Structure formats: structure tokens, C-alpha cells
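Enquirer: fold the following, please.
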Amino acid sequence: MGCCFSARVKAESPSRNVLNSSDGSKEEDGLSGLSSKVSITPSLPPPTPRTEGEILQSSNLKSFSYNELRIATRNFRPDSVVGEGGFGSVFKGWIDEQTLEPAKPRSGIVIAVKKLNQEGFQGHNEWLTEINYLGQLHHPNLVKLIGYCLENDHRLLVYEFLTKGSLDNHLFRRASHVEPLSWSIRMKVALDAAKGLAYLHSDEVKVIYRDFKTSNILLDSNYNAKLSDFGLAKDGPAGDKSYVSTRVMGTYGYAAPEYMATGHLTKKSDIYSFGVVLLEILSGKRAVDKNRPTREHNLVEWAKPYLSSKRRIFQVMDARIEGKYRVREAMKVANIAIQCLSVEPRFRPSMADVVRALEQLQGSDDTGGSSSSSSSGPKPQKTTSTSSASPLLA
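Expert: From the prediction side, this is the model:
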């Protein structure tokens with residue numbers, strides 16, 4: 001769980017104001033949740049701006065040739081596409097585990113290759129930002145970036161392949177063959193994602209993610225959750241400053257209200273986004289959905305009045321897991337969401353507090369309730385927290 005994040009690039013305000021209403025992305029499995037969102041200009045510190053070459057040289061990543069990735073993905077065949085969006089397309093491929101050379105299909109290790117659309121300076125800056133952060137940050141709950149390709153007009157990124165795809169895909173797909181995530185898995189995913197965000201916010205790293213949403217949370221074969229897509233990430237405020245000033249960018253429905261109003265970005269902005277995702281995990285509903293009745297378009301606005309009532313919380317909870325969780329545990333998770341969604345940023349907990357609260361829930365006798373024997377997927381291992389009781393569970 002180390003960090004070799006020396007001389008990190010500082011991100012200036014993006015050159016344009018973008019707030020995505022949705023991803024509009026195709027997702028099957030692997031790496032997905034793509035969008036073109038950010039423009040980055042190096043700033044101080046370090047004393048001099050980091051050039052593209054300095055970022056690439058310090059990333060400890062493999063530099064792939066375009067031909068190597070063409071072979072690994074079988075010439076970027078259409079049937080190898082596992083995701084697409086504003087940034088470009090993601091292809092499934094194979095490389096040798098030791099040499100990282102291209103391998104035959106179903107041999108070696110599986111990779112996800114994100115191929116940047118060739119037009120647009122905006123996308124190039126996001127590509128470089130991704131390398132800057134994921135090339136130097138390492139944590140079990142961050143997706144692993146293996147390498148990149150920079151050749152002529154080609155910009156590609158090579159990631160580990162996560163077989164279960166995005167949390168978005170599991171929560172919101174309504175198909176007869178898709179079994180809903182069990183309560184225990186939902187809680188495991190929430191804890192994993194919280195740990196990834198807490199790591200970014202730690203004193204050793206001090207990074208604001210700025211795009212926390214279900215399509216950026218990817219799941220491996222054991223439902224371990226990892227954060228992906230760092231194109232909007234920024235270093236936290238330096239010195240005695242309490243926030244970073246930026247243009248408002250991100251995804252509508254997840255962005256904190258004070259950030260949308262002022263452009264002032266803090267760790268508390270991410271915590272609000274976590275509250276939105278936690279509410280999506282509870283309800284199985286998207287943060288924003290114009291297909292719902294008018295008063296239910298915005299999930300947070302609609303659900304908040306129900307979350308603190310034991311009798312009314314059923315109206316928010318995902319009907320597909322009805323009877324497969326304990327109400328008292330659902331109320332505790334709802335209380336965490338309520339605090340993360342506080343309008344006043346100072347009343348939101350830290351992500352470290354959120355992790356402790358979710359760990360205590362997972363380690364308690366409540367977890368899984370009566371559903372553990374009938375729920376699909378693996379049952380997460382219980383975690384025993386040695387810290388004092390979390391105020392979030394009070």
C-alpha cells in the first residue's frame with residue numbers, strides 16, 4: 001500500500017467548463033466509464049513545470065509500441081471492444097505476464113487497452129494526467145495501470161482487466177439473466193471504494209479524485225472494487241489554502257453543490273459524491289434519471305426525507321433485495337449517506353471516518369442478515385476494527 005508520488009504534477013483550472021449529465025458509454029466488462037473532461041496545465045510546486053517527458057519517465061510504466069498493442073488486441077477488432085465513450089474505446093487484449101510482450105488470446109494475462117480518439121488536445125491532457133497519477137499511486141483499491149503508448153498521433157493506456165466490469169453495470173442493468181448484487185457484496189464494494197478514496201485523501205497523497213461515480217468503480221472476479229479514470233484528479237490545496245479553485249467539471253448528479261456554485265474544490269467534494277454513490281448502492285437507482293416521475297428525477301433530493309425513517313426507508317431501498325438485509329443495518333448505512341450528503345461541507349465526515357464505520361458494520365453480527373445463505377457471489381470476509389466506535393454509527 002505504498003506511494004512513490006514524488007514531485008506530483010499540480011493541475012491548474014481546466015480551460016473549459018464541463019459538467020457531464022451522463023457517460024453514455026457501452027459497458028460489458030473490463031475497463032469502462034470513459035469521458036473527455038479535463039485540461040491540465042502543470043504548475044508549482046515543483047519549482048518548474050513538469051514536462052510530458054518528465055511525467056512519462058517518472059511513471060515506472062512500460063512504454064508499449066503501437067504495433068505491440070495492435071497484436072495484443074487482435075488488430076483492435078470490433079469484437080474486442082469492451083467499452084467506449086467520449087475519450088475513445090477500450091479493447092480487450094493479452095500480454096505475457098513476465099515479458100509484457102503480446103500474447104495469443106486466452107494465454108498470458110488479460111489487459112484492457114484504452115485507445116484515445118486521435119483528435120483533440122483535451123483528451124491528450126487527460127491521458128497525461130492519468131499516467132501522472134496512476135503511474136505513481138499504488139493501492140489495492142485503485143485500478144492498476146500497466147503501461148502506455150505514445151507514438152505519432154496514437155495515445156493509449158494499458159490497464160489490468162477487471163472481469164466484472166463497472167458497478168454501474170451491476171446496479172442499473174435490468175435483464176432477466178442479470179442477478180442483482182447481494183447486500184453483502186454491496187457493502188463490500190462500498191467499503192473497498194471508500195478505502196480507495198480515503199487513500200487518495202490521506203496526508204501522504206493529498207489528491208482530490210473529482211469524478212467519483214458508479215461507472216468509475218470497477219470490480220474484479222471476486223467483487224473487489226477499484227477506482228478508475230483519473231483524468232479529472234487534482235492535487236489538494238497547498239500551504240494554508242483550504243480549497244483549489246477550478247472550473248466546474250465532472251458528472252451532474254454527483255458533484256457537490258458548493259463546488260457547482262463556486263468552483264471551490266476540496267476533499268469534502270469527493271465525500272459528497274461518495275454519499276450519492278452510497279445512495280445508489282442502497283436504492284439500485286441512478287443519481288439522475290429523467291425517465292422517473294418528475295419529483296424523483298434527482299435521487300438525492302427525492303430520497304433524503306425517507307432515509308432517517310425506519311418505516312419509510314423501504315421506499316428508497318432496492319426492491320430486488322427486499323427481505324435480504326436487516327433494516328437496522330440499512331438504517332446505519334443510510335445515516336452514513338445522510339452525513340456525506342450534508343449541504344454544509346464541514347458537517348461531512350472524513351473518508352477515514354467512513355471507512356471505520358463501514359468496517360464496523362462489516363465486522364458486526366448485522367452484516368448480511370438473513371440473506372447470506374441465499375445471496376449470489378462471494379461473502380466478504382468480516383473485518384474487525386480495532387478503533388473506537390465510529391460516530392457515524394451513533
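Enquirer: just the strands in the stretch 201-350 of the chain please.
Expert: Using DSSP state E, counting those that start in this stretch, the strands of the stretch 201-350 of the chain run over 207-208, 217-219, 225-227, 234-235, 244-245, 249-251, 264-265.
Enquirer: and for the stretch 51-200 of the chain?
Expert: Taking DSSP E, counting those that start in this stretch as the test, the strands found in the stretch 51-200 of the chain are 62-63, 81-84, 88-95, 109-116, 145-151, 154-160, 165-166.
Enquirer: any chance of those in a markdown table, plus mean pLDDT and mean neighbour count?
Expert: Any C-beta I mention is one placed from the backbone N, CA and C, and that applies to glycine too. Output for these, formatted as a markdown table (pLDDT from 0 to 100; neighbours: other CB atoms under 10 Å):
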| stretch | mean pLDDT | mean neighbour count |
| --- | --- | --- |
| strand 62-63 | 94 | 14 |
| strand 81-84 | 88 | 21 |
| strand 88-95 | 94 | 24 |
| strand 109-116 | 95 | 23 |
| strand 145-151 | 94 | 21 |
| strand 154-160 | 95 | 22 |
| strand 165-166 | 94 | 25 |
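Enquirer: can you redo these as a markdown table with distance to Phe274?
Expert: Listed next are those as a markdown table, based on distance: least, CB to CB, whole Å:
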| stretch | distance to Phe274 |
| --- | --- |
| strand 62-63 | 32 |
| strand 81-84 | 23 |
| strand 88-95 | 25 |
| strand 109-116 | 24 |
| strand 145-151 | 23 |
| strand 154-160 | 23 |
| strand 165-166 | 16 |
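Enquirer: select, out of those strands, the one closest to Tyr254.
Expert: Among these, the nearest to Tyr254 by CB to CB is strand 165-166 (14.2 Å).
Enquirer: so which of the strands of the stretch 51-200 of the chain comes closest to Tyr306?
Expert: Nearest of the strands of the stretch 51-200 of the chain to Tyr306, taken as CB to CB: strand 165-166 at 26.5 Å.
Enquirer: in its sheet, what does that closest one sit against?
Expert: Using DSSP bridges, strand 165-166 pairs in its sheet with strand 217-219 (antiparallel).
Enquirer: residues in contact with the strand it pairs with?
Expert: Outside strand 217-219, the residues that touch it by CB atoms under 8 Å, 6 or more residues apart in numbering are 31-33, 143, 162-168, 170, 189, 193, 225-228, 277.
Enquirer: check stretch 190-202 too.
Expert: Taking CB under 8 Å, 6+ apart as the rule, stretch 190-202 contacts 1, 137, 139-142, 167, 205, 207-209, 212, 217, 224-227, 233, 236, 267, 270-271, 274, 277-278, 281, 333, 350-352, 354-355, 358-359, 362, 380, 383.
Enquirer: and that stretch, which residues are buried?
Expert: 190-201 (16 or more other CB atoms under 10 Å).
Enquirer: kindly report the same for stretch 53-60.
Expert: Using 16+ other CB under 10 Å as the test for burial, stretch 53-60 gives 54-56, 58-59.
Enquirer: give me the beta-bridge partners of the nearest residue to Lys164 once chain neighbours are set aside?
Expert: Nearest non-adjacent residue to Lys164, counting by CB to CB, 6 or more residues apart in numbering: Leu219, 3.6 Å away. For Leu219, the beta-bridge partners under DSSP bridges are Gly165, Ala225.
Enquirer: count of neighbours near Leu219?
Expert: Neighbour count of Leu219, defined by other CB atoms under 10 Å: 24.
Enquirer: quick one, grab the pLDDT at it.
Expert: For Leu219, the model assigns a pLDDT of 97.
Enquirer: over to Thr246?
Expert: So, for Thr246, pLDDT stands at 87.
Enquirer: before we move on, what about Pro78?
Expert: 92.
Enquirer: run a quick neighbour tally on it.
Expert: Pro78 has 7 neighbours, counted by other CB under 10 Å.
Enquirer: distance of it from Glu84?
Expert: Going from Pro78 to Glu84 by CB to CB, to the nearest Å gives 11 Å.
Enquirer: for Tyr148, same thing?
Expert: The value you get for Tyr148 to Glu84, if CB to CB is used, is 19 Å.
Enquirer: skipping adjacent residues, who's closest to Glu126 in space?
Expert: For Glu126, the spatially nearest residue (CB to CB, 6+ apart) is Gly231, at 3.5 Å.
Enquirer: pretty sure the one you found sits against Ile131.
Expert: No: Gly231 lies out of contact with Ile131 (CB atoms under 8 Å); the separation is 10.4 Å.
Enquirer: contacting residues around Asp220?
Expert: Counting by CB under 8 Å, 6+ apart, Asp220 touches 162-164, 226.
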